[in-house]
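[1] Need a 3D model of the sequence below.
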Amino acid sequence: MKKGLSRQDMARAAAQDIPEGSCVNLGIGVPTLIADYVPAGREVLLHSEQGLLGLGPAPAPGNEDPDVLNAGKQFVTLLPGASVFSHSDSFLMVRGGHIDIACLGAFQVAANGDLANWSTDAEGQIPGVGGAMDLAAGAARVWVLMEHCQKSGEPRILERCTYPLTAAACVDRIYTDLAVIEVTDTGLVVTRMAEGLDLPALQALTDAPLTLSPQCRPYRPFPDEPAGAHGAARA
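    Have a look, this model is predicted:
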């Protein structure tokens, strides 16, 4: 299978797409990396479900604060004006419709936008859907960031999810290592695709019908450059 973009490049692509003034929740996995790549000068409020608003990037080595962690229990920083509040208040924000975009990881996404990002079959897995259910239902938009295929090569984008659903028909956009795909009323539309791929090759790695946007653009790794206003990226 063609080697696609890195997790960092997927996060950077999503960060570039966040509109000015948005309040964005960063879920566990690839989405947590978005905090490292918000463009300089763009006003974006990053939210973490345990009760932080105003997340910055990962701290420089040696400057870690054990009390400042993201949803994935990774060290982050707080930007000037950041707020710290209770878990219950955080979910009042989510359920009250105050999150513009929820960026979530996933195991599977269906053609109609169904989301599956939890499972109970892994050893030691806690049998619960967690806060992702609230985020998927409460956010104005849901963006998923995930690898296009499982390590075994099986597609993650399916006609129907085979894992238990987190929420139905909630996903608006999918960022994978191979493409950016919009979930529309008429199906999945590819708006960016990794160089060296064509639609038949991408379709062969996807278990749901794809349509190529007439405005489809190349999906390229980003050149090495300093991170944006939110500081230096994680190593």
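[2] Give me the residues contacting the longest strand belonging to the chain.
    Secondary structure of the chain per DSSP state E: the longest strand is strand 210-219. Strand 210-219 has contacts (Cβ atoms under 8 Å, 6 or more residues apart in numbering) with 5, 13, 178-182, 186-195, 199, 202-203. Heads up, the C-betas are built off the backbone N, CA and C, glycines and all.
[3] are any of these buried, and which?
    Using 16 or more other Cβ atoms under 10 Å as the burial test, the contacts of strand 210-219 include 5, 13, 178-182, 188-194, 202-203 as buried.
[4] any idea whether the residue lying farthest from the centre of the chain is helix, strand or coil?
    Distance to the chain centre peaks in the chain at Gly62, reaching 27.6 Å (criterion: Cα atoms, centre = their mean). Assigned by DSSP: H, G, I helix; E, B strand; the rest coil, the conformation of Gly62 is coil.
[5] gap between it and Phe75?
    Gly62 sits 11 Å away from Phe75, going by Cβ to Cβ, to the nearest Å.
[6] what's the neighbour count on Thr162?
    Neighbourhood size, Thr162 [other Cβ atoms under 10 Å]: 11.
[7] Just give the nearest non-adjacent residue to it, would you?
    Gln108 (6.8 Å; Cβ to Cβ, 6 or more residues apart in numbering).
[8] Also Asp9?
    Counting by Cβ to Cβ, 6+ apart, the residue nearest Asp9 is Pro221, at 4.8 Å.
[9] Help me confirm that Ala13 is found in a helix?
    Yes: counting by three-state DSSP, Ala13 is located in a helix.
[10] tell me, how many neighbours does the closest residue to it other than its chain neighbours end up with?
    In space, and not counting its chain neighbours, Ala13 is closest to Tyr175: 6.0 Å by Cβ to Cβ, 6+ apart. A total of 25 residues lie near Tyr175 under the criterion other Cβ under 10 Å.
[11] partner residues bridging Tyr175?
    With DSSP bridges as the criterion, Tyr175 is bridged to Leu145, Val180.
[12] how near is it to Ala110?
    16 Å.
[13] go on, Pro66?
    Look at Pro66 and Ala110: by Cβ to Cβ, they are 39 Å apart.
[14] Specify which residue of those two has the higher count of neighbours.
    Per other Cβ under 10 Å, whichever of Pro66 and Ala110 has more neighbours is Ala110, with 22 against 6.
[15] wait, doesn't the more buried one sit right on Arg160?
    Yes: Ala110 is within contact range of Arg160, at 5.3 Å (criterion: Cβ atoms under 8 Å).
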